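Novice: pasting the sequence and the predicted model now:
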Amino acid sequence: MPVNGSAGAPRLPRVLVLRALGLGDLLAGVPALRALRRGFPRHEIVLAAPRELAVPAELSGAVDALLPASAPGRAVPEITGWQGPPPQVAVDLHGKGPESMRALEALGPDRLLAFAAPDGPEWYAEEHERDRWCRFLTWYGIPADPGDLRLPPPAVPSPAPGAVVVHPGAGSPARCWPVERYAAVAAELRRAGRHVVATGGPREYELLARLAKLARLPDSDVYGSPPLERLAALVAGASAVVSGDTGVAHLAVACGTPSVTLFGPVPPSRWGPPPLERHRVLWHPGPPGDPHGRSPDPLLVRIRPKEVLDALSRLPEVPPA
């Protein structure tokens, strides 16, 4: 996917969209991005987001160019590298502002859509992420469908078709189910004759090594920090995905792959999958916790391996997309 402004002056008016967050955030924002594509058919849609999200951005069919932008955590990044005239429209899909709105204002857009703008809609803290951004755009006269989530199949084949993908990591310890329990699930699945593979992020090699040792997974079934296109192929070709509330769970939804997602500090009413039979959520209701906490959330720890295995046994068989 081209980087905006890298080759001469643009030929089309441009819409700049800020959503410089993680994989799950981008996938939850796909319905809004597609609504913008339909709402501005004669514009170039430029997405300010981390460079590593270029693959899902392109697969969305809604983004013409990626403008690399990132900051630690969920902070608002500086938007640098913009070339040419100011954007005709700037859209804040990053947060409720005002920091993210100001980052876009600094580029002098002709029109700015933002929750923090004087003409923006009200922010509801307990709203589901997909619904929030679709309501936001609808407020501005751009109809959006929260169910418009699916991505086309990846261009590369799965390295482990039909496997159960177990992903023990998450963006914070608060959303990480104990690895010993993931290992218990993986071991039981293997005893039942299922092919199990484990995936992880760039800082999760020790976690994956621990899981592999406890579940006796061979090295060939451990995928530590695979390129995003390979991870998407692995998920798209899987028989099921087991993970916490993290980007891989959203990738399973985007690929139409059956999934079991474990929730703790944040309820599934805010970040869960759509209510389809192929997606199961496990959550023990209770007071909301800190999604960025340094230890597994108490509600998450209440989930037992048997609950995960039971949920997996109730998933329908869905042929790969």
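Specialist: Received it, and whenever you're ready, just let me know what you need.
Novice: which parts of stretch 46-63 are buried?
Specialist: Neighbour-count burial for stretch 46-63 flags 46-50, 53-60, 62-63 (criterion: 16 or more other C-beta atoms under 10 Å). Every residue, glycine included, has its C-beta placed from N, CA and C.
Novice: which ones among the residues you listed lie within helices?
Specialist: 54, 55, 56, 57, 58, 59 (DSSP state H).
Novice: which of those residues lies closest to residue 231?
Specialist: Ranked by distance to residue 231 (C-beta to C-beta), those are led by residue 55 at 9.2 Å.
Novice: ok, that closest one touching residue 233?
Specialist: No: the criterion here is C-beta atoms under 8 Å, and residue 55 misses it with residue 233 at 10.5 Å.
Novice: at which residues are the helices of the stretch 51-200 of the chain located?
Specialist: 54-59, 99-105, 129-139, 179-191 (DSSP state H, counting those that start in this stretch).
Novice: save the ones you listed as a markdown table, and put in mean pLDDT and distance to residue 29 too.
Specialist: As requested, the helices of the stretch 51-200 of the chain are exported to a markdown table (pLDDT from 0 to 100; distance: least, C-beta to C-beta, whole Å):
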| stretch | mean pLDDT | distance to residue 29 |
| --- | --- | --- |
| helix 54-59 | 95 | 10 |
| helix 99-105 | 96 | 13 |
| helix 129-139 | 98 | 6 |
| helix 179-191 | 98 | 28 |
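Novice: let's have those helices in JSON lines, adding distance to residue 88.
Specialist: Below are the helices of the stretch 51-200 of the chain laid out as JSON lines (distance: least, C-beta to C-beta, whole Å):
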{"stretch": "helix 54-59", "distance to residue 88": "20"}
{"stretch": "helix 99-105", "distance to residue 88": "12"}
{"stretch": "helix 129-139", "distance to residue 88": "16"}
{"stretch": "helix 179-191", "distance to residue 88": "47"}
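Novice: quick one: which of the ones you listed is nearest residue 69?
Specialist: Judging the helices of the stretch 51-200 of the chain by C-beta to C-beta, what sits closest to residue 69 is helix 99-105, at 8.7 Å.
Novice: buried set for that closest one?
Specialist: Under the neighbour-count criterion of 16+ other C-beta under 10 Å, helix 99-105 has 100, 101, 103, 104, 105 buried.
Novice: from those residues, which two are the most distant?
Specialist: It's 100 and 105 that sit farthest apart of the buried residues of helix 99-105, by C-beta to C-beta, at 9.8 Å.
Novice: and for stretch 95-105, what's in contact with it?
Specialist: With C-beta atoms under 8 Å, 6 or more residues apart in numbering as the contact definition, stretch 95-105 has outside contacts at 16, 18, 74, 76-79, 90-92, 94, 112, 114-117, 123.
Novice: buried residues, stretch 141-159. List them.
Specialist: Buried, per 16+ other C-beta under 10 Å, within stretch 141-159: 142, 144, 146, 148, 149, 151, 153, 154, 158.
Novice: can you redo those residues as CSV with distance to residue 170?
Specialist: Listed next are the buried residues of stretch 141-159 as CSV, based on distance: C-beta to C-beta, whole Å:
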residue, distance to residue 170
142, 32
144, 27
146, 23
148, 26
149, 20
151, 21
153, 26
154, 23
158, 23
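Novice: redo these as CSV? Include pLDDT.
Specialist: Shown next, in CSV, are the buried residues of stretch 141-159 (pLDDT from 0 to 100):
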residue, pLDDT
142, 98
144, 98
146, 97
148, 97
149, 96
151, 96
153, 89
154, 90
158, 96
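Novice: pLDDT below threshold where in this protein?
Specialist: 1-10, 318-321 (pLDDT under 70).
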